[in-house]
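Colleague: sequence and computational prediction follow.
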Amino acid sequence: MKVLRVLCLIVGGFLVLDTLIVCFLSNYNLGVILPAVLGLPLLLLGLFWARMDAGFWLFLRRFVLICYGLGCLFLLFLGSLMLRAIDRGEHGDYDALIVLGAAVHGDRVTWVLSNRLDTAYDYAVQHPKTTLVVSGGQGDGESVTEASAMAGYLVRKGVDPSRILIEDKATSTAENFAFSKAMIDEQLGPDASVGFVTTRFHVYRASRVAQKGGISARGLGAPDVWYIALNNFLRECVGICWYTVKGWI
């Protein structure tokens, strides 16, 4: 039991510390606070372990540990789905490659988004006939649309502007696919093969969203930003559950 107590203190403390650190390094979102939400009960459990040795408190301690054990198994299951989806489309030969947008700071792409664009660029170099579709509207705090910032980034890397289609209306993943597919159908025809690029943790849910919208597309996974990988993973697990409950995937 001493090992369990120490484990609760270490894991709980690490998760709370993760939130405190990432708060200063990233935009505030659900993924930032989730580690603390999960870690604080474990930290408290470890701190008050000795006082929970009988009666209701002993029951509560065991109940919390069982819930966390089941939760870990569920996270492992969702993680396996994400891992199996990564790079399934890496070796495909697509007529069009949709790059899903992410937040921009002013008119500059973020680290997350630049990783997606670099992945798309590498693919475009290897497949010179592929058309790139950059997709993303304009959100709060953004001085330009995500799509225009993405297009500018790719052009500066040397991509011919004629190879880039700009979809700048979408505000969700479903709209990214729907609006981009409409442009692809118009420019390349309805039989054009389609792939997409997003961050690795997001490939599974994005592919399910595309499938739900009647779009056949396989995803290429771009690297995540290392210091928020845990936060993004936890947020994505919540996203998968929420989308499943709502019937969006």
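Modeller: Sure thing, it's come through. Numbering: from 1, shown residues only.
Colleague: domain parsing for the chain?
Modeller: Listed by automatic domain parsing, the domain ranges of the chain are 2-85, 96-246.
Colleague: could you dump those domains to TSV with mean pLDDT and mean neighbour count?
Modeller: All C-beta atoms are positioned from the backbone trio N, CA, C, and that covers glycine. Below are the domains of the chain laid out as TSV (pLDDT from 0 to 100; neighbours: other C-beta atoms under 10 Å):
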stretch	mean pLDDT	mean neighbour count
domain 2-85	94	14
domain 96-246	95	19
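Colleague: residue contacts, Gly39?
Modeller: Val11, Gly12, Gly13, Phe14, Leu15, Val16, Asp18, Thr19 (C-beta atoms under 8 Å, 6 or more residues apart in numbering).
Colleague: rerun that using 6 Å as the cut-off
Modeller: Applying C-beta atoms under 6 Å, 6 or more residues apart in numbering, one finds that Gly39 lies in contact with Gly12, Leu15, Val16.
Colleague: redo these as a markdown table? Include secondary structure and distance to Ala102.
Modeller: Below are the contacts of Gly39 laid out as a markdown table (DSSP: H, G, I helix; E, B strand; the rest coil; distance: C-beta to C-beta, whole Å):
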| residue | secondary structure | distance to Ala102 |
| --- | --- | --- |
| Gly12 | helix | 30 |
| Leu15 | helix | 24 |
| Val16 | helix | 27 |
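Colleague: from those, which is closest to Arg116?
Modeller: Set against Arg116, the nearest of those by C-beta to C-beta is Leu15 (27.2 Å).
Colleague: who's in contact with the spatially most central residue of the chain?
Modeller: Central residue of the chain (C-alpha atoms, centre = their mean): His202, 3.6 Å from the mean position. Taking C-beta under 6 Å, 6+ apart, we find His202 in contact with no residue.
Colleague: quick one: contacts for Ile184?
Modeller: Residues counted as contacts of Ile184 (C-beta under 6 Å, 6+ apart) are Ala96, Ala192.
Colleague: three-state assignment of it?
Modeller: Assigned by DSSP: H, G, I helix; E, B strand; the rest coil, the conformation of Ile184 is helix.
Colleague: how about Gln138?
Modeller: At Gln138 the chain is in coil, as set by three-state DSSP.
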